[in-house]
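>>> give me coordinates for this.
(chains A and B, ligands or ions: 2)
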Amino acid sequence: MSDAPLQIRNFSIIAHIDHGKSTLADRLLQLTKAVSEREAKEQLLDSMDLERERGITIKASAVTVMHEHKGQPFMLNFIDTPGHVDFGYEVSRALKACEGALLVVDAAQGVEAQTVVNAYLAVDQDLEIIPVLNKIDLPAARPDEIAEEVEQVLGLPAEDCIKCSAKTGEGIQELLDAVCEKFPPPREPVMKQTRALIFDAIYDDYRGVVLYCRVFDGRLKVGDKIRMMQMERTFQLTELGKYTPKPTKVKEVGAGEACYVIASIKNLGEVRVGDTITIDHDPAAEPLEGYEPPRQMVFCDFYPATTTEKKGGDFEDMREAVEKLALNDSSFTYQAVHSEALGFGFRCGFLGLLHMDIIQERLEREFDLEIVQTAPTVSYRAIIRGKGGEHVEVEVNNPADLPDMGSVEQIMEPICKLEIMLPKDRIGDVMKLCMDRRGIFKQQHFVSEAREMITFEMPLAELIYDFYDKLKGITSGYGTMDYEIMEFRPDTLVKVDVLINGEPVEALSLITHKLKAEQRGRALLTKLKKQIDRHQFEIPLQAAIGGKIIARETIKAFRKDVTAKCYGGDVSRKRKLLEKQKKGKERMKNVGSVNIPQEAFMAVLDTGE
Amino acid sequence: MHVIKPSVRGQSLDPQGVETVSPLRHVQSAAHGDAEGPVRSLYVHIPFCSHKCHYCDFYSIVDTQDRQEAFVTRLMAELSALAPLAKGSPLRTIFVGGGTPSLLRVDLWTRLLTSLSEQFDLSEIQLQAPETEFTVECNPESVTPELFDRLVAGGVTRVSMGAQSFHEDTLKRLERLHTPGAVSEAIEAARAAGIGHRSVDLIYAVPGQTTPMWRNDLETALSLPIDHVSAYNLTYEPNTAMTARLARAEFTPTAEEIEIEMFELARDLTTAAGFERYEVSNYARVGAASRHNLAYWRQDQWLAAGPSASGHAAGYRWKNTPRLDSYLGFSDEGLSMVHDVETPDARRALAERLMTGMRLAEGVEADRARADADAICPGLSDELDRVAAEHAASGRLTERRDGTASRWVLTDSGVLFADGVASDFIAAVL
Ligand SMILES: Nc1nc2c(ncn2[C@@H]2O[C@H](COP(=O)(O)OP(=O)(O)O)[C@@H](O)[C@H]2O)c(=O)[nH]1
Ligand code: SF4
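Ligands and ions are numbered 1, 2, ... in the order given. Below is the predicted model of the structure:
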């Protein structure tokens, strides 16, 4: 390499799922000779099996490679981002460490909803965006049309698109050149004190917490006593390094570079992503801007399925598993709860539905737990009138926690901005679906001859009940959607209580829009009626809003509970049958004298559409 | 499978090479002392049928290998091994069930009956002393006058005829092979041969069967020379073909209200004909209740021979291997390989007495149950009283004074909830 000063480029690749982000990353690394052929077979930036299986990168990481462009040495830092906007917060904090973003679009599929939402995030961070049309080797590729789509939807000039194939390598050199030429260098340091942004943190069984940082000012050195400016904690920096992509230790890192940091941090609770690292003996006066805690938007309870005899043990196993998971996923929250109906368990918070599914699957797969999961709800905010007439705002992550409707002044719910990309001829049906879900139409955008993009504002609560499945159904699988949480907004929301045999069952209550309360209530009761066995007495089921009954059902009493035969001399068999029946009942939840099976607590999911 | 590992000699023919030994060894030693009286009842299981009915979960096979002879030889060895448990006392009841015992060849019946009379004291049965009974289950299509003569000569006093219905449609639904007319002919033949007690089995709530059809079945049965009727509500047992068909919704099961109507009809018509209900599904003329079945339901002791037969003696319960292969292939000096052994347990015994007693019109001796409960654990009788009071309050159970003794008995309407009451008692005791 020449003696020319080292140039640094920090950038991310963002894309709709399956458009080729990981493949392209590998290809770029390969071209810079950082990776051998064999290694290139594996997608290096993803680490967890589950992520690979679902094709989603959950954990961001950074890879540094050296490259020569037109005789000049370049240090390229790839900052990987999660592909899904459930992890939107993680995406934006990763983008904070960059100056540029490659926006990858499948040249056969075109711009999808996730592409759009990701592009917005990059624009928000003032990044330079290079649109990349990938998979041009595919016979179905229509790069010119898709370039038009990019211009139409995202406002990026069609002729700026770089056309390539991560598979064949075509156009990759050109892409690398663009990275070096078009992306701006890191900004100049503005002070001599050190400021480094923590843009990710992972927990590793062997090394403890590993931080990913981008140094903006000053430098980090092994042996430094570092200080977290917001957390106000200090640690001894024991190791600095870069992934090239193999971990390579370095002694120090200067402004503009990205690196990993190990500093005897035991668990993720001790650090915050978004915090600024400075040096303890010569601290910066102000932290870098941009810390915002991740917000859990979807909540549900996990209980151990009490299929085994060891009731308490199941809960302890679950506690251990949940604690372990939280160690390497700081955006997942949990809190021990006790439900009358399901015993001891955890109320867990997630960034979104996908996040919830992933956590549930990991608990079952990695920890071999059997889980009863309650219906998810979103996080509400309620304004409560206190005793002295003062107003207090409370967060309600569980409908059961909502105080009596009489003292509730207002309930606010999270609203998201929803982007849907869909075939033109399905617009009517999709519009109707969105309106039914209390969506407010914002705009319609021409994408291409065949496709349109529509934007809605919609309560998150309406999205979490099979909206995506419905959308896929209506569009025969061609529709894609993505969303971002915008704000909390008040609406005429009510809490619907469910009474079984006259007794309210907290675990079944739900919060819904007033106009939908009756429909939801009725659907729930119909489901319950199917799931609760008949008893020796009649069981009324009611749905009520603050004491006013809005729907009712009745489970008729059975009039007979006797088997015809006593199996001759096989008395044990009959006895065991009766014992089993009795045991089955014990496993159910008793409300008054009614036995309710665990599955019934999922009945809340039914929308009644 | 529960297999007691041997501490005693035993010749293993178990394919897995595990030396297995019958718990009857333990029963034998337990019964050796005089604490337990002699066993006075015997059940023999004949596992052959000419066709497997799709609702049936009894152990029976359609024998394509002609193993009847091998079976009888093996059975005789078992009977001789069991005989000492009767301690020389006369047997009171024998019940040969199945399967279809009437399918056993007449020459093999001769060997079986001879063996029974050689191994056991059948004097009381032969004299038809009170409280004795020797029943053989028969299917109408497989009985002959010759068979009945042979049975009478061997001491058989009672036949239980698998009639099920007198309607062709109902019989077809049940996959029974006989014609409606065959039943009365078979009962008539049994009478002519001198079999003094005759019973028919009927099934109701069969898909497609209406209440008038059921009435007609009952009336036809009651017009026959019989002194006993078993009327069973069709039960969808797990792992039967019929239950699988139900699950596939191939037919509509009878509605609960109709089942109740049919139950009540059986009770009313049999009562009008001079029968009394003495168990949930069993009706008899005075003195004609099945002694052998009562022995089960009163928790007496009985021996068991043949595959899948269950026995109860010296506080043990056990069940013979339910497969003909392993029954034929294993012998511990005549004793069978067993499954599901339960060792003596006072709680279990009390729970079972309450369970089967609740199904009987005579009910359960309350004071004895209380005393037994308190002997297990002081205060346990309060639990029984709590259950009894709960069901008394809802009108299902009464405590009936009967001289000095008092009995817990289900009311007429309570009979329909016998399982619920029994499971509450079981839960209180176990
Ligand atoms: N034909 C072709 N297939 C590609 C190309 N790039 C990626 N793929 C395939 O597209 C699928 C998704 O790629 P991946 O990199 O996992 O996408 P990600 O979800 O965006 O990371 C994989 O099956 C890749 O092999 C390409 O340029 N051409
Ligand atoms: S004849 Fe009786 S034992 Fe044999 S299969 Fe039919 S119902 Fe079962």
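
>>> where do the helices of the stretch 101-250 of chain A begin and end?
A:113-124, A:143-149, A:172-182 (DSSP state H, counting those that start in this stretch).

>>> show me what the first one is packed up against.
Packed against helix A:113-124, as judged by 3 or more CB pairs under 8 Å, 6 or more residues apart in numbering or on different chains; DSSP states H and E, are the following elements: strand A:7-15, helix A:88-95, strand A:100-106, strand A:128-134, strand A:408-423, strand A:480-491. C-beta: built from backbone N, CA, C; applies to glycine.

>>> repeat that for 7 Å
With contacts taken as 3 or more CB pairs under 7 Å, 6 or more residues apart in numbering or on different chains; DSSP states H and E, helix A:113-124 sits against strand A:7-15, helix A:88-95, strand A:100-106, strand A:408-423, strand A:480-491.

>>> distance to residue B:163 added to those, as JSON lines?
Formatted as JSON lines, those follow (distance: least, CB to CB, whole Å):
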{"stretch": "strand A:7-15", "distance to residue B:163": "76"}
{"stretch": "helix A:88-95", "distance to residue B:163": "74"}
{"stretch": "strand A:100-106", "distance to residue B:163": "74"}
{"stretch": "strand A:408-423", "distance to residue B:163": "67"}
{"stretch": "strand A:480-491", "distance to residue B:163": "66"}
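
>>> just list the residues touching residue A:207, thanks.
Contacts were defined as CB atoms under 7 Å, 6 or more residues apart in numbering or on different chains; by that measure residue A:207 touches residue A:262.

>>> so residue B:173 sits against residue B:203, correct?
No: with contacts counted by CB atoms under 7 Å, residue B:173 stays clear of residue B:203, the gap being 9.4 Å.

>>> more crowded one of these two?
residue B:203 (26 against 21; other CB atoms under 10 Å in any protein chain shown).

>>> three-state assignment of that one?
Three-state call for residue B:203 (DSSP: H, G, I helix; E, B strand; the rest coil): strand.

>>> who touches the helix or strand encompassing residue B:95?
Using DSSP states H and E, residue B:95 sits within strand B:93-98. Contacting residues not belonging to strand B:93-98 are listed as A:568, B:41-49, B:58, B:60, B:125, B:132-137, B:291-292, B:295 [CB under 7 Å, 6+ apart].

>>> of these, which belong to strands?
Here DSSP state E is the test, and the contacts of strand B:93-98 give B:41, B:42, B:43, B:44, B:45, B:46, B:133, B:134, B:135, B:136, B:137 as lying in strands.

>>> hmm, back to that, taking strand B:133-138 as reference, get the angle to the strand holding residue B:95.
Calculated by axes from the mean of the first three to the mean of the last three CA atoms, to 10 degrees, strand B:93-98 forms an angle of 10 degrees with strand B:133-138.

>>> tilt between strand B:93-98 and strand B:41-46?
20 degrees.

>>> before we move on, the earlier item: rank the helices and strands packed on helix A:113-124 by pLDDT, which is bottom?
When the helices and strands packed on helix A:113-124 are ranked by mean pLDDT, helix A:88-95 comes last with a mean of 74.

>>> how about JSON lines for the helices of the stretch 101-250 of chain A, with mean neighbour count and distance to ligand 1 added?
Shown next, in JSON lines, are those (neighbours: other CB atoms under 10 Å in any protein chain shown; distance: least, CB to the nearest ligand atom, whole Å):
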{"stretch": "helix A:113-124", "mean neighbour count": "22", "distance to ligand 1": "10"}
{"stretch": "helix A:143-149", "mean neighbour count": "20", "distance to ligand 1": "11"}
{"stretch": "helix A:172-182", "mean neighbour count": "16", "distance to ligand 1": "10"}
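
>>> what does chain A have sitting close to chain B?
When proximity is defined by CB under 7 Å from any CB of the partner chain, chain A lies next to chain B at A:536, A:558-566, A:568-572, A:574-575, A:578-579, A:581-582.

>>> can you say which of those residues are buried?
Among these, those buried by neighbour count (16 or more other CB atoms under 10 Å in any protein chain shown) are A:558, A:560-566, A:568-572, A:574-575, A:578-579, A:581-582.

>>> show me those residues that map onto helices.
Secondary structure defined by DSSP state H assigns A:571, A:572, A:574, A:575, A:578, A:579, A:581, A:582 of those to helices.

>>> before we move on, the earlier item: which helices and strands sit right next to the helix or strand that the strand holding residue B:95 is followed by?
For strand B:93-98, the succeeding helix or strand toward the C-terminus, using DSSP H and E, is helix B:106-119. On a contact count with 3+ CB pairs under 7 Å, 6+ apart, helix B:106-119 meets helix B:68-82, helix B:145-153.
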